[in-house]
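Enquirer: Provided below for reference: sequence and predicted model.
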Amino acid sequence: MEHSFKDLEERIGIKNNLISPSFLVSGYGETEGAALEDFRYNMNVFVEDLNKVSLKEKVEYLQSLGFDNINILH
């Protein structure tokens with residue numbers, strides 16, 4: 001499987017486990033495909049949960065994860 005630098009930056013695969021350290025999201029499975037499916041599901045849950053909080057809480061949470069200069073358009 002070919003990965004670009006951006007893929008490596010966004011996601012790390014370890015024995016059928018996918019991890020996004022930046023967002024504290026992971027996915028696991030018996031195969032790489034199952035791990036990717038689980039990872040995508042968990043990223044969707046992350047985004048859905050993030051969309052339930054106020055803009056201020058989103059920014060504060062993303063900053064707590066180490067993100068700087070967050071520009072969220074209203």
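Expert: Structure's in. What do you need? Numbers count the residues shown, from 1 in each chain.
Enquirer: how about the strands in the chain?
Expert: According to DSSP state E, the chain carries its strands in the segments 12-14, 17-20, 25-28.
Enquirer: Lowest mean pLDDT across those strands, which one is that?
Expert: Note on the strands of the chain: lowest mean pLDDT is at strand 12-14, with a mean of 55.
Enquirer: quick one: low-confidence ranges for this protein?
Expert: For the chain, residues meeting the criterion pLDDT under 70 lie at 1-19, 69-74.
Enquirer: what's the single longest helix in it?
Expert: Taking DSSP state H as the criterion, the chain has its longest helix at helix 32-50.
Enquirer: Dump that one to CSV, keeping only the CA atoms.
Expert: These are the backbone C-alpha positions of helix 32-50, laid out as CSV (Å, rounded to 0.1, in the frame of the first residue of the first chain):
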residue,chain,number,x,y,z
GLU,A,32,-6.1,-3.7,7.2
GLY,A,33,-9.5,-3.1,5.5
ALA,A,34,-11.4,-3.8,8.7
ALA,A,35,-9.1,-1.5,10.7
LEU,A,36,-9.6,1.3,8.1
GLU,A,37,-13.4,0.8,8.2
ASP,A,38,-13.3,1.1,12.0
PHE,A,39,-11.0,4.1,11.8
ARG,A,40,-13.4,5.9,9.4
TYR,A,41,-16.3,5.1,11.7
ASN,A,42,-14.5,6.5,14.7
MET,A,43,-13.4,9.6,12.8
ASN,A,44,-17.0,10.2,11.9
VAL,A,45,-18.0,9.9,15.6
PHE,A,46,-15.3,12.3,16.5
VAL,A,47,-16.5,14.9,13.9
GLU,A,48,-20.2,14.4,15.0
ASP,A,49,-19.3,14.9,18.6
LEU,A,50,-17.2,17.9,17.8
